[in-house]
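Enquirer: got a predicted structure plus its sequence, pasted below:
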Amino acid sequence: MKKWGFLLVFALFLVFIFKILPISQGKVKDQIYEQNDNTATENSQTIEITEEQIYQGNLLLVNREYAVNQESIKSDIINLITHKELTTGYQLLNSEIKLSEEITGEFSEMIAAAKEDGVSNFLISSGYRDFDEQNRLYEEMGADYALPAGYSEHNLGLSLDVGSTQTTMDKAPEGKWVEKNAWEYGFILRYPSDKTVVTGIQYEPWHIRYVGLPHSAIMQEMNLALEEYLDYLKEEKSISVSNDGQKYTISYYPISQNETIYVEIPADEHYEVSGNNIDGVIVTTRS
C-alpha cells in the first residue's frame, strides 16, 4: 500500500508540473484549431497562420478607420494597356489604368458574361492607385470626394471604378447589370445606396470590389456591406454554405500579437486564407 501511495503522489506531482510548465516558461502558447470537429485525423492537413496574415488577402477591410498596410497591396499589379489579352470587351479611360492581374482576369470573365446578356459598353476609369496618386487626388478633390492616401480601397489593387461609354452608371444598363450580377464573379458593389451609414461613403454605383466566392454570394443574399459581413463572421465563428454545387466552410480565427495558430482542415479540400485587416483571419475551405 505504501508503494501505491508513493506512486499516486508522484503521478499527481508530474501532472502539476506539466500544467504549470507553459506558464512558468513565460511564452505565448501556439493555438491549434480543428475545423468542424474536435479530433484531428490522418485525413487532415494543418495550416500555419501568423499575425502577418491579418493584413493579406481578398477580404481586407479598408475605410476611414483601417488603413492599407504595405503588405496588403496585391503583388501582381499590372498596367492594363500592356495586356491586351485581358482587356477584351471593355475600354480604358487612359493608358495609366492599373489593377491586380488576378482580379483583371475575373473582371474579364464578368464582362464576357454581360456581353452575352447584350450589355457591352463597359469602361474602366480607375483601378489601382499608389499612395502618391491617391494623395494628389485627395488634395485636388477634397475630403468629400476622395479618401486620404492609404485609406482607399484603390490602394489595394482589389477595387476598380467601372463606367459606361453611354451614360452614368446609375442610369446605364451596365450599372444595372453590375448591381444584379457582379456577385456571381466574386465582386460586390462596395458602396450601395442603402449602406451609406455603414460604409460612411456616398452611393457609388461605379465602384466594385473583389472579395471572391462564396463571400460575394453571401453578402448579396443577406444584403450585407463588407463591414457587416466581417462582423457577422466574427460573431458566428464558423458557417457552412453551398453555392453552385460547391460546399464551403468559412471560419473566423482571432490572432493576438506575435501569435501563431494552427488550423486543421480536411486534406482533400481547397482552402484560402484572408485577413480582415483588424484582428483575425478568415479560412475558407471548399469541397
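Expert: Now that the structure is in, tell me what you want to look at.
Enquirer: who's in contact with the residue nearest to residue 90 when sequence neighbours are not counted?
Expert: In this structure, residue 90 finds its nearest non-sequential neighbour in residue 122, 3.9 Å apart by Cβ to Cβ, 6 or more residues apart in numbering. (Glycine included, C-beta is placed from N, CA and C.) Contacts for residue 122 (Cβ atoms under 8 Å, 6 or more residues apart in numbering) come out as 89-91, 111, 114, 162-165, 174.
Enquirer: kindly recompute the last result at 10 Å.
Expert: 89-91, 107, 110-111, 114-115, 162-165, 169, 172, 174, 177-178 (Cβ atoms under 10 Å, 6 or more residues apart in numbering).
Enquirer: bridging residues for it?
Expert: residue 90, residue 164 (DSSP bridges).
Enquirer: against residue 109, how distant is it?
Expert: 13 Å (Cβ to Cβ, to the nearest Å).
Enquirer: okay, and the common contacts of these two?
Expert: residue 89.
Enquirer: would you mind measuring from the residue positioned nearest the centre of the chain to residue 107?
Expert: Centroid-nearest residue in the chain, with Cα atoms, centre = their mean: residue 59, separated by 1.2 Å. Distance, residue 59 to residue 107, by Cβ to Cβ: 18 Å.
Enquirer: my read is residue 218 is in a helix, agree?
Expert: Yes - assessed with DSSP: H, G, I helix; E, B strand; the rest coil, residue 218 lies in a helix.
Enquirer: pLDDT score for it?
Expert: If you check residue 218, the pLDDT there is 97.
Enquirer: for the remainder of this discussion, apply numbering that starts at 44.
Expert: Okay, using 44 as the starting number, the last item reads as residue 261.
Enquirer: distance of it from residue 270?
Expert: Distance, residue 261 to residue 270, using Cβ to Cβ: 14 Å.
Enquirer: low pLDDT regions in the stretch 94-243 of the chain?
Expert: For the stretch 94-243 of the chain, no stretch is flagged by pLDDT under 70.
Enquirer: on that earlier part again, any idea how far residue 254 is from the residue nearest to the centre of the chain?
Expert: With distances taken as Cβ to Cβ, residue 102 is found 6 Å from residue 254.
Enquirer: one more: residue 187?
Expert: 26 Å.
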